[in-house]
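> pasting the structure only:
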């Protein structure tokens with residue numbers, strides 16, 4: 001028996017270069033799931049938390065290092081969490097999980113990160129030695145926490161508007177629940 005008679009080809013031929021406007025990594029990346037304000041906040045969260053982390057890493061010495069270490073942990077964690085959330089929204093991973101759970105997780109992660117980042121920034125400002133790198137890290141930390149918290153406020157407002165728009169007429173005050181002969 002010859003190998004060609006028993007075994008057929010197991011791989012497909014190379015389809016050649018992709019045709020069209022999107023090819024390579026661009027086919028897997030889509031920012032269409034986030035509205036423009038949310039996308040801007042997500043990118044700014046990512047940028048400011050990274051800049052806060054980088055500026056904090058430049059600090060060479062400290063007197064009270066507890067605030068610096070806490071700020072380092074929080075800024076790095078905030079950067080990684082915001083990167084993870086952005087990756088989930090912008091890649092096909094979003095299609096593999098329940099969109100409502102992604103949105104709910106995003107809301108609570110962003111809320112928690114914003115609050116802890118604000119706390120870490122306050123602690124860091126009260127314990128740092130007033131060097132330029134520490135001042136820059138503080139500013140970027142406060143900016144990042146503001147971006148996280150503003151994102152939460154926007155999502156909360158949008159959810160509230162959607163829930164009010166979905167309420168049926170019967171549950172609104174003065175709706176159809178009042179008796180007709182009353």
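Yes, it's here. What you see is a predicted model; the values in this text were computed from it and never measured.

> low-confidence ranges in the protein?
Applying pLDDT under 70 to the chain picks out residues 1-26, 168-182.

> how about the helices in it?
3-6, 36-58, 65-90, 93-96, 99-127, 132-166 (DSSP state H).

> so which of those helices gets nearest residue 27?
In terms of Cβ to Cβ, the element of those nearest to residue 27 is helix 65-90, at 12.2 Å. (Glycine included, C-beta is placed from N, CA and C.)

> packing partners for that closest one?
Other elements packing on helix 65-90 under the criterion 3 or more Cβ pairs under 8 Å, 6 or more residues apart in numbering; DSSP states H and E are helix 36-58, helix 99-127, helix 132-166.

> Output the ones you listed in JSON lines; the columns should cover distance to residue 89 and mean neighbour count.
Shown next, in JSON lines, are the helices and strands packed on helix 65-90 (distance: least, Cβ to Cβ, whole Å; neighbours: other Cβ atoms under 10 Å):
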{"stretch": "helix 36-58", "distance to residue 89": "7", "mean neighbour count": "19"}
{"stretch": "helix 99-127", "distance to residue 89": "7", "mean neighbour count": "17"}
{"stretch": "helix 132-166", "distance to residue 89": "12", "mean neighbour count": "17"}
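
> So which of those helices is nearest residue 64?
Minimum separation from residue 64 across those (Cβ to Cβ) falls at helix 99-127, 4.2 Å.
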